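Undergrad: Sequence first, predicted coordinates after that:
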Amino acid sequence: LRCVPTTMWLSNANYSILEQAAKTNMKRLVLELGGKDPMIVFDDADLEKAAHDGVKYSLSNAGQVCCSTERIYVHESIRSKFEECVLREVSNYKVGNGLDPNVNVGPLVSPLQKERVSTQVSQAVQEGAKILYQSDIPTPEAEQTTTTTHGGGNFYPVTVLTDITPSMEISKEETFGPVVCVSTFDGTEEQAILLANDTPYGLASSVYSQDLKKAQRVANRIKAGQVGINCYSLENMDVHCPWVGHKSSGFGYHSGVDGFHQFSIPKTLVFTPKEGGDDNSDA
């Protein structure tokens, strides 16, 4: 087996450029692209755990993870209780210099990314979304100190948005920032599946319900490479599982035995058989 492909993690905007470059010398590609990962919370879910996971995996690495939780859909009958749980969770997050042991949300990668996140949030609010919570960020003086000593601090506050509709850009495009987006659904499996799949992406997702048969029915119909049932797939999946992006979230896949096959080309050696039977020699 000979390893030959090119593998990269990049945005969908750069995919076509890399694809054209690879065609010039027939390179095979394995690409993990973007995501807009949904989380479904049914009314029988463990709300404390669902809120903990929803916040944690929306804010991990300041939300700058391809498989961040970017859309949370909660049964409308438990909206208030879930939001209360979310508010308790986000109160434990502090934005600032990552070298500070009391900080768990650092800066965004660039001023441009900070502006993109800010624009998405502002547009959503203008279109009817509500800011349920927004944290403090370092003062300009503190930010200047960070800029001087550690190369820049593009801080964006931890933000919780509600009343988000599918037409908003923040529902459709990657945010890649410390934003927790909470929407509601009518509680039916059909609407949960419809909302989860209402995206060109299909990287990861999760379903929270104590009815495991229902959770599995919904998970089977979500068009995503990984679906966590009452958990976050990336942290809990077996090492033998491939990491797959459906739809616009990937080209090929990696990890696990199936993934390793993407990085190799089979080769067959054929010997002339001996007359009179099989050749079992080691030659």
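TA: Noted; the coordinates are in hand. Numbers count the residues shown, from 1 in each chain.

Undergrad: and the nearest residue to V103 once chain neighbours are set aside, what does it touch?
TA: Leaving aside its sequence neighbours, V103 sits nearest to G96 (Cβ to Cβ, 6 or more residues apart in numbering; 4.1 Å). To be clear about C-beta, it is placed using only N, CA and C from the backbone, and glycine gets the same treatment. G96 makes contacts with N102, V103, V105, G106, I137, P138, A142, F155, as judged by Cβ atoms under 8 Å, 6 or more residues apart in numbering.

Undergrad: give me the low-pLDDT residue ranges for the stretch 51-200 of the chain?
TA: 140-152 (pLDDT under 70).

Undergrad: can you map out the strands along it?
TA: Secondary structure of the stretch 51-200 of the chain (DSSP state E, counting those that start in this stretch): strands located at 69-75, 130-134, 159-162, 179-185.

Undergrad: from the ones you listed, which stretch is densest packed?
TA: Neighbour counts (mean count of other Cβ atoms under 10 Å) averaged over each of these peak at strand 69-75, with a mean of 26.

Undergrad: quick revisit: among the contacts of G96, who's most crowded?
TA: Tallying neighbours with other Cβ atoms under 10 Å puts V105 at the head of the contacts of G96, with 24 neighbours.

Undergrad: Spit out the contact partners of E70.
TA: G35, K36, D37, P38, S58, G63, E174, T175, V179, C181.

Undergrad: whoops, I mixed them up, N61
TA: So N61 contacts S68, G106 (Cβ under 8 Å, 6+ apart).

Undergrad: Mind doing that once more with 10 Å?
TA: Applying Cβ atoms under 10 Å, 6 or more residues apart in numbering to N61 gives the contacts S68, G98, V105, G106, L108, V109, F176, P178.

Undergrad: Please apply the same query to I170.
TA: 36, 70-71, 117, 119-125, 127, 129, 161, 164, 177, 179, 181.

Undergrad: coming back round to it: how about the strands of the stretch 51-200 of the chain, which one is nearest G54?
TA: Each of the strands of the stretch 51-200 of the chain has some distance to G54 by Cβ to Cβ; the shortest is strand 69-75, at 5.0 Å.

Undergrad: Might you calculate how far that closest one sits from the centre of the chain?
TA: 12 Å (Cα atoms, centre = their mean, to the nearest Å).

Undergrad: Measure how that strand sits relative to strand 179-185, angle-wise.
TA: Inter-element angle recorded for strand 69-75 and strand 179-185: 30 degrees (by axes from the mean of the first three to the mean of the last three Cα atoms, to 10 degrees).
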